[in-house]
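In: the sequence and its predicted three-dimensional model are supplied below.
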Amino acid sequence: MIRLHRNTMLLIFLAVLLLVSLSLAFRPSRNSSVVDPDLFKVPDQTKIDRVEFISDRDTLELAFLDQRWKVNRKYKADRNLITALFATIYQATAKREVAPSLTDSIRQVLSTQGTRVKLFEQGDVRKEFYVHGNQTTLETWFQLDDQNPYVVVIPGYRVYVASIFQLGEDVWRDKRVFDVNWQNFRLSQTVFPASPDQSFTLQVSGQNVEVKELPEADTIRISNYLDALSILSAERYLSELKAPWDSLAQTQPYVKITLTDIAGRSHSLEVFPLIPGQRSLLGRNTSGEYLMMNFQESRMALARRSDFTRPE
């Protein structure tokens, strides 16, 4: 009887523990709510063909036209940034709602200072939300219309998710300086106004490219130079010139490079002297637009005639 009594008590105790465990498992937590991590994602982002960023600063459009992305239908877009944008949209995860005590203030910030993001597919809006954040704390908030804002993260990374939604037109543009089909390259002329003896002309001769002024030029250096020109990129474009660049733009360029293709189309770049203490060069392209280039990364593309001399 004693053994039966103990077994009965044990079964009752286990039953009570089971009931308590079940009640705790299914009871909603007062400190957290169920969050859909995919709240701000689209079912198939590969079908998105237009994106709008609307803010109090401006309205910017990215659109897939003529088999590539364009910025405001005027400029080719930076392919790497487009990839980063869609990677961000794909990975951005709603982590939690903003704390109730901050909800009203965050909603106000999003509506007045945030960026309204609209994702389109064939003219139809597939997703629309507001984005803003705190760059100091790296916290980003997303909000659908008439809903509470959420803290959004990219799992596994501590990054400021909002940053890519706040970029301007100049940043979104393709950074390649020479938009040339290199299979159609025919001629390049490089002029150093202050050092004419360093100017040179590269021309296609059969299957080879030669330096007109140096019949015995180093072919490896020619190849490296053309590679450098093909990947020469701007750090950014300048919508307006400020000191010290405005004064520099009034001086004589250090070098002017002009590329011509087989159809006779020319693409030029003027590069101004490096300002002491600066790490960037000022350039001006065929359209008269100003751009900044990293000095170290651009040095090989600024070769002089003597750089092609074949070593003894």
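Out: Alright, I've got the coordinates. Numbering: from 1, shown residues only.
In: show me where pLDDT drops low in this protein?
Out: 1-33 (pLDDT under 70).
In: where does Ala94 land in three-state SS?
Out: strand (DSSP: H, G, I helix; E, B strand; the rest coil).
In: which residue lies nearest the spatial centre of this protein?
Out: By C-alpha atoms, centre = their mean, the chain has its centre lying nearest to Leu81, at 2.8 Å.
In: list the buried residues for the helix or strand where that residue lies?
Out: Assigned by DSSP states H and E, Leu81 belongs to helix 79-91. Residues of helix 79-91 classed as buried by neighbour count (16 or more other C-beta atoms under 10 Å): 81-82, 85-86, 88-89, 91. For every residue, glycine as well, the C-beta is placed using N, CA and C.
In: quick check, nearest of those residues to Gly288?
Out: Nearest to Gly288 among those, counting by C-beta to C-beta, is Leu81 at 24.0 Å.
In: once you drop chain neighbours, what's closest to that closest one?
Out: Trp172 (6.0 Å; C-beta to C-beta, 6 or more residues apart in numbering).
In: can you give me every residue that contacts that neighbour?
Out: By C-beta atoms under 8 Å, 6 or more residues apart in numbering, the contact list for Trp172 reads 60, 62, 71, 75, 77-78, 81.
In: also Ala234?
Out: With contact set as C-beta under 8 Å, 6+ apart, Ala234 has these partners: 175-177, 283, 291-293.
In: go with 7 Å
Out: When contacts are counted by C-beta atoms under 7 Å, 6 or more residues apart in numbering, Ala234 touches 175, 177, 291-293.
In: which one of those residues sits in the busiest neighbourhood?
Out: Tallying neighbours with other C-beta atoms under 10 Å puts Val177 at the head of those, with 25 neighbours.
In: that residue is in contact with Ile231, isn't it?
Out: No - when contacts are counted by C-beta atoms under 7 Å, Val177 is not listed as touching Ile231 (9.2 Å).
In: and the closest residue to Ala162 other than its chain neighbours, how many neighbours?
Out: Setting aside the residues directly before and after it, Ala162 is nearest to Gly133 in space (C-beta to C-beta, 6+ apart), at 3.7 Å. Gly133 has 23 neighbours, counted by other C-beta under 10 Å.
In: top strand in the chain by residue count?
Out: strand 124-134 (DSSP state E).
In: now it: buried residues?
Out: So for strand 124-134, counting by 16+ other C-beta under 10 Å, buried means 127, 129-133.
In: tell me the one of those residues nearest Phe120?
Out: Using C-beta to C-beta, Lys127 is the member of those that lies nearest Phe120, at 9.2 Å.
In: narrow the contacts of Trp172 to those that are buried.
Out: Taking 16+ other C-beta under 10 Å as the criterion, what is buried in the contacts of Trp172 is 60, 62, 71, 75, 77-78, 81.
In: so where do the strands sit in the stretch 101-250 of the chain?
Out: Under the criterion DSSP state E, counting those that start in this stretch, the stretch 101-250 of the chain carries strands at the ranges 115-121, 124-134, 139-143, 150-153, 185-191, 200-205, 208-211, 236-238.
In: out of those strands, flag the one nearest Leu226.
Out: Judged by C-beta to C-beta, the one of these that comes nearest to Leu226 is strand 208-211, at 6.7 Å.
In: tell me what the closest one is packed against?
Out: Applying 3 or more C-beta pairs under 7 Å, 6 or more residues apart in numbering; DSSP states H and E, we find strand 208-211 packed against strand 200-205, helix 219-231.
In: any chance of those in CSV, with mean neighbour count too?
Out: Shown next, in CSV, are the helices and strands packed on strand 208-211 (neighbours: other C-beta atoms under 10 Å):
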stretch, mean neighbour count
strand 200-205, 16
helix 219-231, 16
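In: thanks a lot, see you next time.
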